[in-house]
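Novice: Provide a 3D model corresponding to the input given below.
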Amino acid sequence: MASLPDSLRRVPRLIARHRSRLTQALRMTAASLATFVLAESLDLPQAYWAVITALIVTQSSVGGSLKAALDRFLGSVLGACYGGAVAFAIPHHGGAATLAALFVAVAPLTLAAAVSAGFRIAPITAIIVLLSTTGSTLGPLAFALDRIFEIGLGCVVGLAVSLLVAPARAARAVTAQGASLARLLADQLDALARLDAVETPEAKALPPAVRRGLSRLETLAGEAARERRSRLSAAPDPDPLLRTLMRLRHDLVLLRRAIAEADEDVLRVHLAEAWGTAARAAASRLRATADALESGRRPAGDDAALAAAIAGYRDAIDGMRQRQVTRTLSTDGVGRIFWLAFSLEQLRRNLDDLAERAADFAAPEAGTGA
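Specialist: Predicted coordinates for the structure are as follows:
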């Protein structure tokens, strides 16, 4: 019995941690039940298609639901209309006739699906219209119309539930994902700052995690842009934030490559301290900007620490030249040392740009108006 209070105290923390998943489950359940009730009240012959559609359309954000509803409805209309036309044009009752009708119906629709993912449902719908036993009973036209109406009902209900039941805006997910990605880039900079002779498994796992994070951010940015075009969100355009984070990721790829190809002794003996200070300063600024993105406040505009650290790295190179250390290096070796300095400066400019993008998403400060 003594452990029961501890278990109960953990419940609110579990709910807070999985709130978004629980909310999504609530929306999907509500959409399915509401669609079933409506389909039964309208006496639809195949109500399950409407329920399945509502379940598919109800996505984690309003923008995602808009895309799913549009793709599902347009694909179903195309597949039902074209499949019905083929059924009228090529009478089929099995055997070679059915095979020919199936080829004529599916081949062009699968080509359309290959060109645009939004038409993936079209060939499936055409096959159902052609081969369903219900379709042969009702006739292809009536069956196609029923199918369009069922899909349309599911799309409408799923989209309505996404808008009305705890709506989740993609713009908020964009800033959260952007902050998470910025922290991954900061972790990668910290790993590069150490100049490890052999990368640790944790450091090796960071670049793939960054790629996955960028892919997720690109998806969310598309959903947020769709909300903006539909006048469902007044959030800033997410594309500049996505492009800036992509440039920062490219900067880190170049830095990682330059460190891997540079003379190890020169880096570890003459430039390790200056390089480590600059990389950690950049990582610190990335984390500060990530915190600002996540909290919806304007980031601090002072990058004096990073500018000073980059200047310190250049001073370290000048010290090497004065000690004539660079005379023992190859032209490529000297070039990589200076390339690191150039890449650090490029990184600083992109960090300035990231701070501006975070400021775009910041909530208005008190007294400044909406």
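Novice: any idea how far Phe149 is from Ala68?
Specialist: Phe149 is 18 Å from Ala68, where distance means C-beta to C-beta, to the nearest Å. From N, CA and C alone the C-beta is placed, and that goes for glycine too.
Novice: between these two, who's got more neighbours?
Specialist: Using other C-beta atoms under 10 Å, the more surrounded residue of Phe149 and Ala68 is Ala68, with 21 against 16.
Novice: quick check: which ranges of this protein have low pLDDT?
Specialist: 1-19, 92, 94, 133-140, 166-168, 262-267, 301-302, 325-333, 363-370 (pLDDT under 70).
Novice: give me the most central residue, it.
Specialist: Centroid check for the chain by C-alpha atoms, centre = their mean gives Arg216 as the closest residue, at 2.2 Å.
Novice: any idea which helix or strand carries it?
Specialist: With secondary structure defined by DSSP states H and E, Arg216 is part of helix 201-229.
Novice: how many other residues sit next to Glu40?
Specialist: Residues near Glu40, counting by other C-beta under 10 Å: 11.
Novice: typo on my end, Glu202
Specialist: The burial count for Glu202: 9, using other C-beta under 10 Å.
Novice: now do Ala225
Specialist: When neighbours are defined as other C-beta under 10 Å, Ala225 has 20 of them.
Novice: spatially nearest residue to it, not counting backbone neighbours?
Specialist: Spatial nearest neighbour of Ala225, chain neighbours left out: Pro238 (6.4 Å); criterion: C-beta to C-beta, 6 or more residues apart in numbering.
Novice: just to revisit the earlier point, the helix holding Arg216 packs against which elements?
Specialist: Helices and strands touching helix 201-229, by 3 or more C-beta pairs under 8 Å, 6 or more residues apart in numbering; DSSP states H and E, are helix 62-89, helix 170-193, helix 239-261.
Novice: helix or strand: which one has Gly276?
Specialist: When elements are assigned from DSSP H and E, Gly276 belongs to helix 272-295.
Novice: coming back round to it: gap between the closest residue in space to the residue nearest to the centre of the chain that isn't next to it in sequence and Arg183?
Specialist: Nearest residue to Arg216, sequence neighbours excluded (C-beta to C-beta, 6+ apart): Gln177, at 5.7 Å. When C-beta to C-beta is the yardstick, Gln177 and Arg183 sit 11 Å from each other.
Novice: rewinding a little: direction-wise, compare the helix holding Arg216 with helix 170-193 and give the angle.
Specialist: 160 degrees (axes from the mean of the first three to the mean of the last three C-alpha atoms, to 10 degrees).
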